[in-house]
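Colleague: Please work out how this folds:
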Amino acid sequence: MLDRVETWLGVPDAPEAPRTPLFALAPLIAKNGLRNAWRRHALEFSLFFVAPAKMAGARTRIRQILIAQGTGAVVRRAVEAARLLGTAMTPPHEFFGHTVPPEVVLGWADDDIATVAALRQVAQATNEPLVRRIIRHELEGDATRALSPKLRRAALELVAELDKRVDDDLTKTILGRWVRLLPSRRGITVPEEAADLGEDGDSPAGPGNLGDISAIVDASIAERARNRDAAVASLWREHGPAEIVDVLDERLRAITAAHQSREIQGMIELLGGLGAARPAALPDLVAEAVALAPWTSSCTHCSTPGRSDINAFAIALPPIIAARQGVASAAARVQSSPLGKP
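Modeller: Alright, predicted model coming up:
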């Protein structure tokens, strides 16, 4: 199977293809599974675990394949490789009420630490912020809740390194995830190896505690707002309307080419912030945006100050009306939807 995957990877992907050849690796990185047995009046499921030693050689080769794709020039493959490396670290599942003994989870610690090293190699080699943000997202679970202290620390160290990268901030703002396990670690020292990451006030919250979950959500919402405000200030400080649209267009096209459009959750707030910060520049900003294909349904959110100020929306309206039908329709949806109400 691995030979076939490598052969398939030698052929460029069709843009409309739903997956890359890397999809075939997903079943090979599972750590457990279910056996199904039909009975006369029932279907019986029995849990089985994969022995780490038996898969060590195969998983090493899979990591090598994923590192090669993750550090390559094809962003779509790099994103999928990063996601698969993250999936490879997923602990064994507790299917249908079964429990997974801690020793089974810990038996994978060395393999998982090797996978963190692979993710680090990809993060350091790639020039694409989207790939690094995907890696960061994949590491959150192990950085906060891994049973192995060494694995938890290795993941947290890489998260901290990724969070230092100011050049990834715009992509982070566009993606805009807000319900996360681990808010930014920028400026926070990684605890000593012996420290319990759940006890330090500057450390990630522990699992299963509603207070922790509430604190995570509050911190993430506040961080999302800070990211948006910082991105708005930076974009207007360094660029005019046309340049801002070019910068955002480049990011949107990269994300779209990687088939990650569904991950864009912060663009509306970013565009609304840009409009709110410079209402007088709205016509120029919208006029530049409506000419670009990826913006058909989202460029109209530049006018979202109109939710509370109808004059702001009126200023931006002429270039929207003159644009393609899809843009004008999107503007109507924005203003007629519940989000468009003051």
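
Colleague: Contact partners for residue 186?
Modeller: 160, 163, 164 (C-beta atoms under 8 Å, 6 or more residues apart in numbering). To be clear about C-beta, it is placed using only N, CA and C from the backbone, and glycine gets the same treatment.

Colleague: Repeat that for residue 75.
Modeller: Applying C-beta under 8 Å, 6+ apart, we find residue 75 in contact with 128, 130, 131, 254, 257, 258.

Colleague: What helix or strand is the second one located in?
Modeller: Taking DSSP states H and E as the definition, residue 130 sits inside helix 129-145.

Colleague: Just the C-alphas of that helix, formatted as CSV.
Modeller: Only the C-alpha atoms of helix 129-145 are listed here, as CSV (Å, rounded to 0.1, in the frame of the first residue of the first chain):
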residue,chain,number,x,y,z
PRO,A,129,1.3,30.0,7.3
LEU,A,130,-1.8,27.9,6.7
VAL,A,131,0.3,24.7,7.2
ARG,A,132,1.7,26.0,10.4
ARG,A,133,-1.7,27.0,11.8
ILE,A,134,-3.0,23.5,10.9
ILE,A,135,-0.1,22.0,12.8
ARG,A,136,-0.7,24.2,15.8
HIS,A,137,-4.4,23.1,15.8
GLU,A,138,-3.5,19.4,15.6
LEU,A,139,-1.1,19.8,18.6
GLU,A,140,-3.6,21.3,21.0
GLY,A,141,-5.0,18.1,22.4
ASP,A,142,-1.6,16.6,23.2
ALA,A,143,-0.2,19.9,24.5
THR,A,144,-2.9,20.0,27.1
ARG,A,145,-4.1,16.5,27.9
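
Colleague: The very next helix or strand once past that helix - contacts with which helices or strands?
Modeller: Remark: after helix 129-145, the chain's next helix or strand is helix 149-163, criterion DSSP H and E. Using 3 or more C-beta pairs under 8 Å, 6 or more residues apart in numbering; DSSP states H and E, the elements in contact with helix 149-163 are helix 109-125, helix 129-145.

Colleague: Flag every buried residue along helix 149-163.
Modeller: For helix 149-163, a neighbour-count test (16 or more other C-beta atoms under 10 Å) marks 151-163 as buried.

Colleague: ok, back up a step: need the winner for burial among the helices and strands packed on helix 149-163.
Modeller: Greatest average neighbour count among the helices and strands packed on helix 149-163 goes to helix 129-145 (a mean of 24), per mean count of other C-beta atoms under 10 Å.

Colleague: remind me, longest helix of this protein?
Modeller: Using DSSP state H, we find that the single longest helix of the chain is helix 210-238.

Colleague: Just want the most central residue of the chain.
Modeller: Nearest residue to the geometric centre of the chain (C-alpha atoms, centre = their mean): residue 134, 4.2 Å.

Colleague: List the contacts of the spatially closest residue to that residue that is not a sequence neighbour.
Modeller: If the residues on either side of it in the chain are set aside, residue 134 comes closest to residue 82, at 4.5 Å by C-beta to C-beta, 6 or more residues apart in numbering. Contacts for residue 82 (C-beta under 8 Å, 6+ apart) come out as 66, 70, 119, 122, 131, 134, 135, 138.

Colleague: before we move on, the earlier item: mean confidence for the helix holding residue 130?
Modeller: What helix 129-145 shows for mean pLDDT is 93.

Colleague: correct me, but the residue nearest to the centre of the chain touches residue 83?
Modeller: Yes: contact criterion C-beta atoms under 8 Å: residue 134 and residue 83 qualify, at 6.2 Å.

Colleague: circling back to that earlier point, now for whatever helix or strand comes next after the longest helix of the chain, which elements pack on it?
Modeller: Next in sequence after helix 210-238, counting helices and strands by DSSP H and E, comes helix 241-257. Contacts defined by 3+ C-beta pairs under 8 Å, 6+ apart place helix 241-257 against helix 75-88, helix 169-175, helix 210-238, helix 267-277, helix 282-290.

Colleague: by contact count, what packs against the third one?
Modeller: Pointing back at helix 210-238 there. When contacts are defined as 3+ C-beta pairs under 8 Å, 6+ apart, helix 210-238 sits against helix 169-175, helix 241-257, helix 267-277.

Colleague: Among those helices, which comes closest to residue 231?
Modeller: The closest of the helices and strands packed on helix 210-238 to residue 231 is helix 169-175. By C-beta to C-beta, the value is 4.3 Å.

Colleague: any residues touching the closest one, and which ones?
Modeller: 129-130, 133, 227-228, 230-231, 234-235, 247-248, 251-252, 255, 263-267, 270.

Colleague: Now it: average pLDDT?
Modeller: The pLDDT scores in helix 169-175 average 93.

Colleague: residues of that helix that come out buried?
Modeller: 169, 170, 171, 172, 173, 174, 175.
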